[in-house]
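> Sequence and predicted structure are below.
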Amino acid sequence: MYYNLQKHCKLVKGATRAAIYDFKTGKVHSINQSAAGLLSACQNNALEDLWDMSSSESTQYMTFLNKLEQKDLGFFDETSSASLPERSLPDSPVKLEFLWLELTAACNSKCLHCYSESGPSRKELDLVPHHRWLSLIEEAKAAGATDIQFIGGEPLLYPKWRDLVIKAYEIGYDYIEIFTNATLVDDDCIDFFKQYNVSIATTIYANNASVHDSVTLHPNSFTKTMNAIKKLLEAKIPLRIASIIMKANEHEVPNILKLYEELGMPDAYPDVIRPTGRGDDQHLLPTTYTKPPIKPPFYTDETSFMASQTYCQCLAGKLAITSTGDIIPCIFARNQVCGNILTHSLAEVLTDSPLQQCWHTNKNQIEKCKDCEYRYACTDCRPLAQGNDPNKSWLAPPAACSYNPYTGEW
Ligand SMILES: C[S@@+](CC[C@H](N)C(=O)[O-])C[C@H]1O[C@@H](n2cnc3c(N)ncnc32)[C@H](O)[C@@H]1O
Ligand code: SF4
Ligand code: SF4
Ligand code: SF4
């Protein structure tokens with residue numbers, strides 16, 4: 001008699017423990033080292049060959065296997081399914097889907113934490129000529145991109161931003177978003193957003209001017225942003241609001257959540273500043289507010305299980321272009337420059353190995369995670385892990401996880 005894992009299950013071994021990934025329920029079940037050893041042995045051997053079926057040891061093993069059967073994770077059978085072919089990993093090249101265009105490094109605010117280090121005196125970093133932005137929008141569409149975000153700095157300070165939006169609209173992007181501090185949004189902009197199907201993302205740091213403006217270092221910015229938010233909502237322009245938490249505004253979290261509710265925005269857990277640009281400063285970190293740590297329960301499905309063995313599910317298909325023309329895999333991954341758009345075509349960059357390597361970063365390459373049984377269900381943010389690492393390694397494990405796969409302890 002043999003014992004097989006169900007077809008909808010996979011056993012993933014870690015350095016000490018292992019996990020059964022159940023694609024039917026989406027649950028990831030942690031098992032200890034001896035249970036993992038037992039299941040591995042069962043994959044190739046009849047149970048009668050593994051132990052004496054009348055021994056007390058056998059009762060213990062069979063109890064465990066029966067428990068798995070009750071959970072629909074395994075089954076007893078006359079044959080072994082070990083010889084069944086494994087599904088092959090995805091090998092098709094990753095296609096471009098999402099593009100950030102950082103139109104300008106200039107900004108009318110000078111936020112304490114700004115990852116792009118934007119501010120009023122940063123205009124000299126705007127090196128991409130207008131015709132290049134226009135051609136890029138076309139090249140990216142031709143390469144498969146469906147979604148585009150115009151960001152900065154403050155994108156509305158880029159003199160011909162409307163031209164670029166019109167271009168994206170005319171060539172058929174599915175989703176066009178502008179990420180703006182909204183201080184420059186007037187009635188005319190709102191008519192334009194409506195006409196060209198533009199969605200807006202903006203940011204608030206508090207529900208009051210004194211704290212918000214102490215983060216932006218821009219007097220009256222709270223009033224201007226809130227006025228714009230109200231107008232955008234009245235005009236039914238699709239809007240999302242981000243809030244970033246640092247020491248200066250950590251006591252504002254309940255007020256921010258209340259404000260979201262008053263504005264009819266979905267509940268969201270504000271993010272903590274990331275250690276990039278001006279945000280890479282210990283003094284800015286909140287003292288009590290934290291994001292939830294990485295820990296079980298983890299969930300899985302077969303597609304993401306397969307995909308996560310080949311590439312980073314967050315980064316793959318994304319690309320950001322800074323105002324200097326640098327190509328980076330994500331707006332926060334400022335250290336991972338994969339080329340420059342002033343010297344290369346987008347097609348060249350997309351096939352070049354630096355970008356492909358970033359897209360194909362997976363947990364089998366990450367220190368510590370590569371030996372963890374949760375590695376194909378647990379996602380992380382590479383630029384965040386890199387930013388928190390003293391050596392700024394792209395392959396550093398995330399700081400928000402206390403798991404030690406070598407001892408099996410949290
Ligand atoms: C760089 S801004 C550009 C768009 C616009 N100027 C604005 O502030 O909404 C985009 C978003 O990044 C956030 N951000 C900037 N620096 C950050 C950091 N170090 N960590 C996390 N988010 C950051 C801002 O708070 C804002 O929500
Ligand atoms: S976070 Fe946005 S508004 Fe603040 S300085 Fe950076 S680009 Fe400007
Ligand atoms: S972050 Fe790494 S070590 Fe922690 S649970 Fe996820 S894969 Fe495992
Ligand atoms: S989660 Fe991290 S890698 Fe993904 S888009 Fe956000 S910052 Fe970039």
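Structure's in. What do you need? Ligands and ions are numbered 1, 2, ... in the order given.
> So which residue is dead centre in this structure?
residue 314 (4.3 Å; C-alpha atoms, centre = their mean).
> pLDDT score for that residue?
On the pLDDT scale, residue 314 is placed at 95.
> Quick check: the gap between it and ligand 3.
14 Å (C-beta to the nearest ligand atom, to the nearest Å). In short, each C-beta sits where N, CA and C put it, glycine included.
> Would you confirm that residue 51 contacts residue 58?
Yes - Residue 51 is in contact with residue 58 according to C-beta atoms under 8 Å; the separation is 5.3 Å.
> returning to that earlier point: got phi/psi on the residue nearest to the centre of the chain?
Main-chain torsions, residue 314, degrees, to the nearest 10: phi -80, psi -50.
> for residue 249, same thing?
Backbone torsions of residue 249, given as degrees, to the nearest 10, read phi -130, psi 20.
> what residues does the stretch 1-150 of the chain put near ligand 4?
On the criterion C-beta under 6 Å from any ligand atom, ligand 4 has no neighbours in the stretch 1-150 of the chain.
> Show me where the stretch 1-150 of the chain has its helices.
Listed in chain order, the helices found in the stretch 1-150 of the chain under DSSP state H, counting those that start in this stretch are 33-44, 47-50, 56-70, 130-142.
> what's in contact with the second one?
What it means is helix 47-50. Residues from elsewhere that reach helix 47-50, judged by C-beta atoms under 8 Å, 6 or more residues apart in numbering: 1, 2, 3, 41, 42, 53, 61.
> Give me the distance from that helix to the chain's centre.
How far helix 47-50 lies from its chain's middle: 46 Å, per C-alpha atoms, centre = their mean, to the nearest Å.
> List the buried residues in that helix.
Neighbour counts over helix 47-50 (16 or more other C-beta atoms under 10 Å) mark 47, 50 as buried.
> same question, stretch 220-238
221, 222, 224, 225, 226, 228, 229, 231, 232, 237.
> next one: phi and psi at the closest residue to ligand 3 within the stretch 151-300 of the chain?
With C-beta to the nearest ligand atom, the shortest gap between the stretch 151-300 of the chain and ligand 3 falls at residue 294, namely 4.8 Å. Residue 294 has phi and psi values of phi -80, psi 120 when expressed as degrees, to the nearest 10.
> pretty sure it is touching residue 378, no?
Yes - at 6.3 Å, residue 294 counts as touching residue 378 under the criterion of C-beta under 8 Å.
> Tell me which of those two has more neighbours.
Neighbour tally, residue 294 and residue 378, criterion other C-beta atoms under 10 Å: the higher count belongs to residue 378, 22 against 18.
> Contacts only, for the closest residue to that one other than its chain neighbours.
Spatially, and ignoring its direct neighbours in sequence, residue 378 is nearest to residue 298 (5.6 Å; C-beta to C-beta, 6 or more residues apart in numbering). Taking C-beta under 8 Å, 6+ apart, we find residue 298 in contact with 19, 28, 374, 377, 378.
> Kindly report the residues of the stretch 51-200 of the chain close to ligand 2.
Within the stretch 51-200 of the chain, the positions adjacent to ligand 2 are 107, 109, 110, 111, 114, 116, 118, 119, 152, 153, 154, 181 by C-beta under 6 Å from any ligand atom.
> Report the separation between the residue nearest to the centre of the chain and residue 355.
To residue 355, residue 314 is 15 Å away according to C-beta to C-beta, to the nearest Å.
> just residue 69 next, same as before
Separation of residue 69 from residue 355 (C-beta to C-beta): 46 Å.
> For the two, indicate the residue with more neighbours.
Between residue 69 and residue 355, counting by other C-beta under 10 Å, residue 355 is the more crowded of the two (23 against 15).
> Could you double-check that the more buried one lies in contact with residue 321?
No - using C-beta under 8 Å, residue 355 is not in contact with residue 321; the gap is 11.6 Å.
> who touches both of these two?
Shared contacts of residue 355 and residue 321 (C-beta under 8 Å, 6+ apart): residue 327.
> quick one: low-confidence ranges for the protein?
82-92 (pLDDT under 70).
> how close does the closest residue to ligand 1 within it get to residue 365?
Of all residues in the chain, the one sitting closest to ligand 1 is residue 279 (2.4 Å; C-beta to the nearest ligand atom). Using C-beta to C-beta, we find residue 279 at a distance of 26 Å from residue 365.
> same check, this time on residue 282
Noted for residue 282: a distance of 28 Å to residue 365, by C-beta to C-beta.
> Neighbour count: these two, which is higher?
Remark: of residue 282 and residue 365, residue 365 carries more neighbours, 13 against 7, as counted by other C-beta under 10 Å.
> Please report the distance of the more buried one from residue 371.
For residue 365, the distance to residue 371 - C-beta to C-beta - is 12 Å.
> same deal with residue 11?
Distance from residue 11 to residue 371, by C-beta to C-beta: 15 Å.
> What of residue 142?
Remark: distance between residue 142 and residue 371 (C-beta to C-beta) = 41 Å.
> Looking at the two, which one has more neighbours?
residue 371 (17 against 12).
> ok, the residue lying closest to residue 373 once chain neighbours are set aside - contacts?
Leaving aside its sequence neighbours, residue 373 sits nearest to residue 14 (C-beta to C-beta, 6+ apart; 3.3 Å). Contacts for residue 14 were tallied using C-beta under 8 Å, 6+ apart; they are 371, 372, 373, 374, 375, 405, 408.
> Can you tell me which of these is nearest ligand 4?
Closest approach between those and ligand 4, by C-beta to the nearest ligand atom: residue 375, at 16.9 Å.
> Do I have it right that the closest one meets residue 364?
Yes - between residue 375 and residue 364 there is a contact under C-beta under 8 Å: 7.0 Å.
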